[in-house]
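> here are the coordinates; sequence isn't available:
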């Protein structure tokens, strides 16, 4: 097998490639933040009576909350802020398909490249 | 004038070839791994209590500990055999192929850069909380942390990891001091586990909460695999890397167990799940000003050690991409005097700064975890391929991990559970990041790969892999 000689990349080409990677990084990480897609579904389940008892706190817990500077009123929004775990099946299925497709492509394309590497490396052995 | 040599593991300066220095020992490997991870005990792990309750945080501490034990075992075998800068990147290059290596390097850079961002935010927030000054923001502390540590990394790896060894050891000892100061053998005096974790509140969301807690349970240990990044700068990789990594994992398992026990016994789970400083809070609640100040300082030191190690690791992964021409070879330059991958360090600096100002702690941690779990999924498949292509006895391994393929299967299954846990809170982000990796992979495979020298990607003195 003939040894592959890669083309020389110009400086402008190198700068362009760096820009592509940087833009892609920022889009992937920043866009979900900007669109408000990041973060779990958490909401406050309000209680009318704001006492340690009503908040489900025993005497030990109440004394620690107070040591930390909380009153039943200020602790209410912390204690009653709950996750609501609902499995959104369409999103879960999309996530699974994207992940599987990504890994399948990754291993198949890598194998194709790897065969070229091995063929060239061990060509004369 | 510095010109990078395309394929060699060196840079040519005025005709002289300059490479990374082999100056590190097992203690530095331990400091790099534990230094990156220990901050997870000071913040982050406790968000798993928010997700599923105090008991869920303990369950994931053990189960995720199993995941990372598998990671450390697998990593020790492969890295002690493929000892090159880039760690898992070099492994992927030799075992799976260039595209996988490109992706793995990006996983590493993202995981470590976002971890560095989380560390800097934690450090800034901790100082602001301690100062208690109206109007004081964390921005200047974040910027100073990232810039000073980047400078330290620019100046040399030995100094960087010596600093890490000292500050990591101090932070670790502070957890041990806290543990023994609160009479862990006696319940009721300082620790009140039975009254704080009751049958009624131990798992407030049931088992779905335990699964959800996996997302932040990863934070107990995330980054231990970073020990492999130093492979090319370690004097004896076959001995130092497995020893330093396994010692680091044992250290962290002990620290995680002590941290959970003390924190869950000192504060209600609802508070534990939202605080940014669980160990510092434990110090405050102990009533001892000495412990409070010790844990405050230890929180800062752990954040510094972690950010320091992350800059070290992310820069080496980026450097490796440049050296193999997966990215422009300009990044592969080694500093003529300090022998560090200085261009990679400088390039990643503004990216870390930018995200430190636009993301909050929770989001930065999640970014890091996402890339980490993608990488662990790769590792579970990678070790199967490694054993298949070069069965035991065909090449010299520095270390052979026991019970194969059990650790790989355990690792793969736990990664799937963690993906589901991430879906429960950050599903859209996981999809966005995977789409990014998909698109950048297409870019690499169909365009960038043409600049890569094929045969040079395989540099280990091994026989041809079986099946090729």
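Thanks, I have it. This is a predicted model, so every value here is computed, not measured.
> could you use CA atoms for every contact and neighbour count after this?
Fine.
> next, the contact list for residue B:46, please.
Neighbour list for residue B:46: B:57, B:216, B:272, B:273, B:274, B:275, B:278 [criterion: Cα atoms under 8 Å, 6 or more residues apart in numbering or on different chains].
> domain assignment for chain A?
Per automatic domain parsing, the domain ranges recorded for chain A read A:8-39, A:42-85, A:87-125.
> for chain B, what are the low-confidence residue spans?
Within chain B, the ranges that satisfy pLDDT under 70 run B:1-21, B:84-86.
> so is the strand or helix carrying residue A:117 next to chain B?
In this assignment (DSSP states H and E), residue A:117 forms part of helix A:89-121. Yes. Under the criterion of Cα under 8 Å from any Cα of the partner chain, chain B is reached by helix A:89-121 at A:91-92, A:95, A:98-99, A:102, A:106-107, A:109-111, A:113-121.
> quick revisit: now flag whichever of the contacts of residue B:46 is closest to residue B:338.
residue B:216 (37.1 Å; Cα to Cα).
> host element of the closest one?
Element membership of residue B:216, judged by DSSP H and E, is helix B:207-217.
> one step back: list the buried ones in the helix holding residue A:117?
Buried residues in helix A:89-121, counted by 16 or more other Cα atoms under 10 Å in any protein chain shown: A:92, A:95-96, A:98-99, A:102-103, A:105-107, A:109-111, A:113-115, A:117-121.
> contacts only, for whatever residue of the stretch 51-200 of chain B ends up closest to chain A.
Using Cα to the nearest Cα, residue B:97 is the residue of the stretch 51-200 of chain B that sits closest to chain A, at 4.5 Å. For residue B:97, the contacting residues are A:110, A:111, A:113, A:114, by Cα under 8 Å, 6+ apart.
> let's see it at 6 Å
By Cα atoms under 6 Å, 6 or more residues apart in numbering or on different chains, the residues touching residue B:97 are A:110, A:111, A:114.
> what is the next helix-or-strand element following the helix holding residue B:216 packed up against?
Where DSSP H and E defines the elements, the next helix or strand beyond helix B:207-217 is helix B:237-264. Applying 3 or more Cα pairs under 6 Å, 6 or more residues apart in numbering or on different chains; DSSP states H and E, one finds that helix B:237-264 contacts helix B:26-37, helix B:54-81.
> other SSEs contacting the shortest one?
The contact analysis (3+ Cα pairs under 6 Å, 6+ apart) places helix B:26-37 against helix B:157-181, helix B:237-264, helix B:289-323.
> at 10 Å what do you get?
Judged by 3 or more Cα pairs under 10 Å, 6 or more residues apart in numbering or on different chains; DSSP states H and E, the packing partners of helix B:26-37 are helix B:98-131, helix B:157-181, helix B:237-264, helix B:289-323.
> adding mean neighbour count, write those out as JSON lines.
Shown next, in JSON lines, are these (neighbours: other Cα atoms under 10 Å in any protein chain shown):
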{"stretch": "helix B:98-131", "mean neighbour count": "25"}
{"stretch": "helix B:157-181", "mean neighbour count": "19"}
{"stretch": "helix B:237-264", "mean neighbour count": "22"}
{"stretch": "helix B:289-323", "mean neighbour count": "26"}
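> ok so, going back, touching chain A at all, the helix holding residue B:216?
Yes. Helix B:207-217 is in contact with chain A by Cα under 10 Å from any Cα of the partner chain, via B:208, B:209, B:212.
> quick one: buried residues of that helix?
B:208, B:209, B:210, B:211, B:212, B:213, B:214, B:215, B:216, B:217.
> would you agree the fifth one is in contact with residue B:218?
What it means is residue B:212. No. Using Cα atoms under 10 Å, residue B:212 makes no contact with residue B:218, being 11.2 Å away.
> tell me, what's touching these two both at once?
Counting by Cα atoms under 10 Å, 6 or more residues apart in numbering or on different chains, the contacts common to residue B:212 and residue B:218 are B:48, B:60, B:418.
> now do the buried residues in stretch B:433-440.
By neighbour count on 16+ other Cα under 10 Å, the buried set for stretch B:433-440 is B:433, B:434, B:435, B:436, B:437, B:438, B:440.
> next one: that stretch to chain centre, how far?
Centroid displacement of stretch B:433-440 relative to its chain, using Cα atoms, centre = their mean, to the nearest Å, is 21 Å.
> can you name the residues in contact with it?
Contacts for stretch B:433-440 (Cα under 10 Å, 6+ apart): A:20-21, A:24-25, A:27-29, A:32, A:95, A:98-99, A:101-103, A:105-106, B:102-103, B:106-107, B:367, B:370-371, B:374, B:427-432, B:441-445, B:448.
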